[in-house]
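Novice: sequence first, predicted coordinates after that:
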Amino acid sequence: MSCLAAYTWSRNSADYKNEVEYVIGVSQANVREAWRIALNQEIEEEVKKYPNINIITTDATSEPEKQKQDIDKLLEFGIDLLIISPCDTGKLTEKIKDVFQGNIPVIVMDRGIEGFDYSLFIGPDNDMIGRQAGEWVVQLLDGQGGRVLKLCGNSGSIQSQERIKGFDSVVMDYPQIETSTFNMDTELKDKAYDAVLSMKGSLKEIHVIFANCDYVAQGAYEALESMGMEKGIQIVGSDGLNGKDGGVDMVMQGKIAATITCPTGGREAIQYAYSILRQESGVPKQVILRSRTITKGNAAQYLESLEKECFDKGETITVGYSQVGQESQWRLANTHSIQEAAREFNVDLLFDDADQSQDKQIAAIRRFIEEKVDVIVVSPVVETGWDEALMEAKAAGIPVVMSDRKAETDEKDLITTYIGADFLEEGRRAMRWIRDNIPSGGKVLNILELKGNQGASPTLERRKGFVEVLQECPGYQIAYSEYGDFTYDGGKRIVEGYLERGGWDVDIIFAHNDDMALGAVEALEDYGIVPGEDVKIISVDGTSDVFRAIIAGKINCTVECNPLLGPPLMKAIRDMVAGKEMPVRIITEEKVYDQSQAEEVINQRAY
Ligand code: GYE
């Protein structure tokens, strides 16, 4: 409904709130930058579709302290949900945490904050934006090499740093491309104009300028034009806003060679806010928006796609789902969630259980292609080896979604979206819990690691995250590590084998999933070792069986990995078939549980 960009606080909040069902507060970092103006416009446009929602927008003028005051004012007003684009992630993290823990849902946009004390994060992958810019610069130089100037506005911002890091990660593989950097302290066009003008003499050796935002790209272009050099140097920008002098417009005018879009997420923010306020299922923890490389060849088509009305006709969608197998309680809960949600979202599900065999999954993908399903979903048993089958799906025009586990492909654009957990963070959380709850007492404690199946993304990333934190903790070491394939018997076998070799010297067991942890418990008890006391046990998943073991004192902690992917998956599929732009990643909500709260929450567990 109405949006009050410059709401006067004198208005009686009771009157204003009585007009609608929900009032959403939008705390903007500023309303000066073009990208933020676009974000505001997108929010205002989308909220018109919800007559029962009013929004109030505040402008922090890029001042963290003012943004905190704005938040307080919005809370005093009595908002039902806060959308915030923080002007300084570090300085706003605690404030956002207070709001969230005060039971006001919070959607954080654009710049991530530390930790996970919020309802939902929606933002771009700035590292990906930088990588896409780097890939286009490599194409522009056509493998011949050349000199690239990185013109970096506001070099202190996380967004700029991530874009430059992503850009460098691509061009560093081309030794014939030399780069130099010019850091500015703002992203203002005039600053970029002056900076490029000041380089006049040295510009003759430059072939391409990469600007980490289109504002800066515009200033660079105008400076080159004023010196008659605009034909000799190509410019790649980022943000890709449409509208006059936006990145897309500059591409179409031939002023810049390309821009990488940085979607604002304003539309998604209102859509998810509505779901959160109505306590609907399927709301993830993070939605990472897709960025596109816009060039003269696809700019018009891109603008048309923005105009396309996305409408879900509610027709039945046929989905081919290739599931890993039935190796764990988590997997059974995951399968149940997928099948339940398919019914709820009017999806005709062709379901295949691969019994942890990649060959069987590839055969299933090919069968789905023959049956001309609308969408193929794969929970890939391992990360690699999918290119051929996914290229066949692409050739057949069938989009592929990766659910639960990730797949790596050499070919680009074979996977539309990934829905699942942040396995890296799960590994970090496991080791942080050990560090904070099992003091090493000046010794070096031995950790026995029970790993999932070899080559699986949860196995690779949980270990990587765990080791990342372990390296900062001298009082601990991984003394032994073996693949247990995420099964109960796998965990039991590894611990029995270690015990049989004699000399039990393990202080802690880190299991990549609950089933292996429970198998380890049985093996320890058979040997008269008290699990949870003589040996501390930390696992991942958060299934009900492990909560019972935690309450019984046999396991000490479980890091949640949510298997209930059905609702967000089916919602994303329906959105995709309706023509909506798909996020590149959708990450689920997860917590850490130990003996201090297991009893309190076990009855609330959904799996
Ligand atoms: O942790 C385990 C299952 O892929 C995240 O696979 C999933 C993992 C989960 O077997 O229990």
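Specialist: That came through fine.

Novice: pLDDT value on Ile602, please?
Specialist: You'll see Ile602 listed with a pLDDT of 87.

Novice: ugh, wrong one, Glu280
Specialist: Taking Glu280 on its own, its pLDDT is 82.

Novice: got the residue ranges for the strands in the stretch 201-350 of the chain?
Specialist: For the stretch 201-350 of the chain, applying DSSP state E, counting those that start in this stretch gives strands covering 208-211, 234-239, 258-261, 286-289, 293-295, 317-323, 347-353.

Novice: mind putting those strands in CSV, mean neighbour count and mean pLDDT included?
Specialist: Every C-beta, even on glycine, is put in place using the N, C-alpha and C of the backbone. Below are the strands of the stretch 201-350 of the chain laid out as CSV (neighbours: other C-beta atoms under 10 Å; pLDDT from 0 to 100):
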stretch, mean neighbour count, mean pLDDT
strand 208-211, 28, 96
strand 234-239, 28, 96
strand 258-261, 29, 97
strand 286-289, 22, 92
strand 293-295, 21, 97
strand 317-323, 23, 98
strand 347-353, 17, 97
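
Novice: the ligand: which of the ones you listed is closest?
Specialist: Closest to the ligand of those is strand 317-323 (C-beta to the nearest ligand atom; 10.4 Å).

Novice: what parts of the protein come near the ligand?
Specialist: Contact residues, the chain versus the ligand (C-beta under 6 Å from any ligand atom): Glu327, Ser328, Trp330, Arg331, Asp404, Arg405, Pro458, Phe486, Asn513, Val540, Asp541, Cys561.

Novice: on that earlier part again, could the strands of the stretch 201-350 of the chain go into CSV alongside distance to Leu141?
Specialist: Listed next are the strands of the stretch 201-350 of the chain as CSV, based on distance: least, C-beta to C-beta, whole Å:
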stretch, distance to Leu141
strand 208-211, 7
strand 234-239, 9
strand 258-261, 13
strand 286-289, 28
strand 293-295, 15
strand 317-323, 40
strand 347-353, 45
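
Novice: tell me which of those strands sits nearest to Gly90.
Specialist: strand 286-289 (18.8 Å; C-beta to C-beta).

Novice: what lines up beside that closest one in the sheet?
Specialist: Each strand that pairs with strand 286-289, with its direction, by DSSP bridges: strand 120-124 (parallel), strand 585-587 (antiparallel).

Novice: mean pLDDT lowest where, among those?
Specialist: Mean pLDDT is lowest for strand 585-587 among the strands paired with strand 286-289, at a mean of 85.

Novice: what does that strand contact?
Specialist: By C-beta atoms under 8 Å, 6 or more residues apart in numbering, the residues outside strand 585-587 that reach it are 125, 284-288, 417-422, 568, 572.

Novice: tell me which helix or strand comes right after that strand.
Specialist: With elements assigned by DSSP states H and E, the helix or strand that comes after strand 585-587 is strand 592-594.

Novice: show me which residues of the following helix or strand past that following strand are buried.
Specialist: Using DSSP H and E, the helix or strand that follows strand 592-594 in sequence is helix 598-601. The neighbour-count check on helix 598-601 (16 or more other C-beta atoms under 10 Å) flags Ala598 as buried.

Novice: stretch 109-124 too?
Specialist: For stretch 109-124, a neighbour-count test (16+ other C-beta under 10 Å) marks 109-113, 116-124 as buried.

Novice: what's the closest of those residues to Gly490?
Specialist: Checking the buried residues of stretch 109-124 against Gly490 by C-beta to C-beta gives Phe116 as the nearest, at 29.8 Å.

Novice: contacts only, for the closest one.
Specialist: Contacts here follow C-beta under 8 Å, 6+ apart; on that basis Phe116 touches Lys285, Glu590.

Novice: do the same with Ile434
Specialist: Here Ile434 is in contact with Ile447, Cys473, Tyr476, Ile508, Phe510, Lys536, Ile538 (C-beta under 8 Å, 6+ apart).

Novice: which one (most neighbours) among these?
Specialist: Within the contacts of Ile434, Phe510 tops the neighbour count with 30 neighbours, counted by other C-beta atoms under 10 Å.

Novice: how about that one, what does it touch?
Specialist: Shown in contact with Phe510 (C-beta under 8 Å, 6+ apart): Ala430, Met431, Ile434, Ile447, Leu448, Glu449, Leu450, Phe466, Ile478, Ile538, Ser539.

Novice: rewinding a little: okay if I get the strands paired with strand 286-289 as CSV plus distance to Ile317?
Specialist: Output for those, formatted as CSV (distance: least, C-beta to C-beta, whole Å):
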stretch, distance to Ile317
strand 120-124, 24
strand 585-587, 17
